[in-house]
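S.K.: Need the 3D shape of this:
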Amino acid sequence: MKTLVVVTHPSLDTSAVNKRWVEELRKWLDDVLTYGWAYGSKGGDKLKNRKVALGVTAGIQKEDYSANGRYRYSLEQILVPFETSFRYCGADYRSFFAFYGTENEPGGLVPGADNETPAARLEQSAQAYLNFIDSL
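M.R.: All right, here's what the predicted structure looks like:
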């Protein structure tokens, strides 16, 4: 069984639907990463050897997520808590897929403005994501 959880929006505070997804993601993490199910001596092996990968959309450019970038950390470093948790549970962690650059400047999205990512770029990313999934 594969599970895909998507949490995305330029401003979660103004999106009632996507704000709800954050709660659902937290609930999913709390339900799945529990003693006796995901880890522990009493039946906690449900994630053992299961392939796990993450898909992330980052509003800013990839270069901003680097030692010399705006945030001084790579996205890989930021996602280490997820990797560590899944490895602790014995899962086969397979890294992550990232789609960068959906906004030109952090916080630069203006309500009512044309903030859409060009369709061709989205199409490329969708194909790259499908290739990532197939490679798992």
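S.K.: Phi and psi next, for the most centrally placed residue in the chain.
M.R.: Taking CA atoms, centre = their mean as the criterion, V56 is the residue nearest the geometric centre of the chain, at 3.4 Å. Backbone torsions for V56, taken as degrees, to the nearest 10, come to phi -130, psi 140.
S.K.: How is the residue lying closest to it once chain neighbours are set aside assigned, secondary-structure-wise?
M.R.: Leaving aside its chain neighbours, V56 sits nearest to A98 (4.8 Å; criterion: CB to CB, 6 or more residues apart in numbering). Placement of C-beta: from N, CA and C, glycine included. Under the three-state scheme (DSSP: H, G, I helix; E, B strand; the rest coil), A98 adopts strand.
S.K.: D64 is in contact with A98, correct?
M.R.: No. A98 lies out of contact with D64 (CB atoms under 8 Å); the separation is 11.9 Å.
S.K.: Please list all residues in contact with the residue in the chain sticking out farthest from the centre.
M.R.: Centroid-distance maximum for the chain: K42 at 29.6 Å, with CA atoms, centre = their mean. Residues in contact with K42, defined by CB atoms under 8 Å, 6 or more residues apart in numbering, are 35-36.
S.K.: Swap in 6 Å and give it another go.
M.R.: G36 (CB atoms under 6 Å, 6 or more residues apart in numbering).
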